[in-house]
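Build me a structure from this.
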Amino acid sequence: MTEQSTTVPANAQTCYEVTAADLPLHCPMDNMSKWDSHPRVFLPMDKGHAKCPYCGAEYVLKGDAPAGH
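Have a look, this model is predicted:
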C-alpha cells in the first residue's frame, strides 16, 4: 500500500484559510509543492488578511490570532 501525500500544488487556489497554527505565515506554505513555485516570502497579516506579492494568493485568518501576531 502506498502512503498518500498531503502536499498540494503551489498556487492551486487563489484564497486560503489559515489558522494560528500556520503563523508566521509564508507563501508557499509548508504543505505546498515548492519545486515549481516562487521563492518563500513571509507575509504580514493585516486585520486577518495577507496577499502574496509573487502569486497573488490571498490568505484569510480563521479564528483569532495569538497575542503578538
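
Residue 13 is in contact with residue 56, isn't it?
No - checked against C-beta atoms under 8 Å, the pair residue 13 and residue 56 is beyond contact range at 10.9 Å. Quick note: C-beta positions are derived from backbone N, CA and C, even for glycine.

For the residue positioned nearest the centre of the chain, which non-adjacent residue is closest in space?
Residue closest to the mean C-alpha point of the chain, counted by C-alpha atoms, centre = their mean, is residue 29 at 4.3 Å. The shortest distance from residue 29 to any residue other than its chain neighbours is 6.7 Å, reached at residue 22 (C-beta to C-beta, 6 or more residues apart in numbering).

Quick check: pLDDT value at the one you found.
Reading off the confidence values, residue 22 has pLDDT 93.

can you count the residues close to it?
17 (other C-beta atoms under 10 Å).

and what of the one 10 residues further on?
Other residues within reach of residue 32 by the criterion other C-beta under 10 Å amount to 19.

residues touching residue 41, list them.
26, 27, 52, 53, 54 (C-beta atoms under 8 Å, 6 or more residues apart in numbering).

ah, wrong one, I meant residue 57
Contact analysis of residue 57 by C-beta under 8 Å, 6+ apart lists 11, 13, 14, 15, 16, 27, 51.

Of all the residues in stretch 58-69, which ones are buried?
Within stretch 58-69, the residues scored as buried using 16 or more other C-beta atoms under 10 Å are 59, 61.

Could you list the residues in contact with it?
Contacts for stretch 58-69 (C-beta under 8 Å, 6+ apart): 14-20, 23-25, 27, 43, 45, 48-52.
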